[in-house]
Structure formats: structure tokens, C-alpha cells
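1. Here is my input, please return the structure:
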Amino acid sequence: MDWVKILTNAKQGFNVEKMSDDDWKGFVNILVSQPDRKEVWRFLYNAWRCISMYKRN
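-> Below is the predicted model of the structure:
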């Protein structure tokens, strides 16, 4: 998974549905090693919003 593309598109929450378990593990590793990266938190928030909206429908 292209992390730069994911983080660039983080404000829209793109690619959430295409992420595998390994992608999520890598993403969490980035978050743990660099917790001050706002784009990571923004992506996770938007991913959560997308998943929440999907479950409601």
C-alpha cells in the first residue's frame, strides 16, 4: 500500500475499504513510532467515520 497516497488523501478517508490486515498493522506501527503525525490521526478519524456511516446504512 502506498502510504504517501493514503496520507495525502487522508482528509477524504480514501482507500479504507481496500486496506488489508497487513496494511492496518503497518499503519498502526507508523502511528506508534510517530504519534505526532497529525495526518495519521486524521486518516484514522476519517476511516472511523466512513465505517460508522457504512454500518448505519
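2. What is the burial count for residue 47?
-> 20 (other CB atoms under 10 Å). To be clear about C-beta, it is placed using only N, CA and C from the backbone, and glycine gets the same treatment.
3. now swap in residue 20 and tell me
-> Residue 20: 9 surrounding residues under other CB under 10 Å.
4. try the one 5 residues further on
-> A total of 10 residues lie near residue 25 under the criterion other CB under 10 Å.
5. and what of the one 4 residues further on?
-> The local packing of residue 29 (other CB under 10 Å) involves 10 other residues.
6. before we move on, what about the one 10 residues further on?
-> Residues contacting residue 39 under the criterion other CB under 10 Å number 14.
7. any idea how far residue 45 is from it?
-> Here the distance between residue 39 and residue 45 works out to 11 Å (CB to CB, to the nearest Å).
8. tell me which element residue 31 is part of?
-> Using DSSP states H and E, residue 31 falls within helix 21-33.
9. again, but for residue 40
-> helix 38-56.
10. cool, residue 36 as well?
-> Under the assignment here (DSSP H and E), residue 36 is part of no helix and no strand.
11. Check what pLDDT it gets.
-> The model reports residue 36 with a pLDDT of 82.
12. Can you give me the neighbour number for it?
-> For residue 36, using other CB under 10 Å, the count is 6.
13. again, but for the one 5 residues further on
-> By other CB under 10 Å, the residues close to residue 41 number 13.
14. and the closest residue to it other than its chain neighbours, how far is that from residue 25?
-> The shortest distance from residue 41 to any non-neighbouring residue, by CB to CB, 6 or more residues apart in numbering, is to residue 31 (7.6 Å). Between residue 31 and residue 25 the computed distance is 11 Å (CB to CB).
15. same thing with residue 39?
-> Taking CB to CB, one finds residue 39 at 18 Å from residue 25.
16. Likewise for residue 47?
-> 14 Å.
17. Next one, pLDDT for residue 44 please.
-> In this model, residue 44 carries a pLDDT of 76.
18. which residues touch it?
-> 27, 31 (CB atoms under 8 Å, 6 or more residues apart in numbering).
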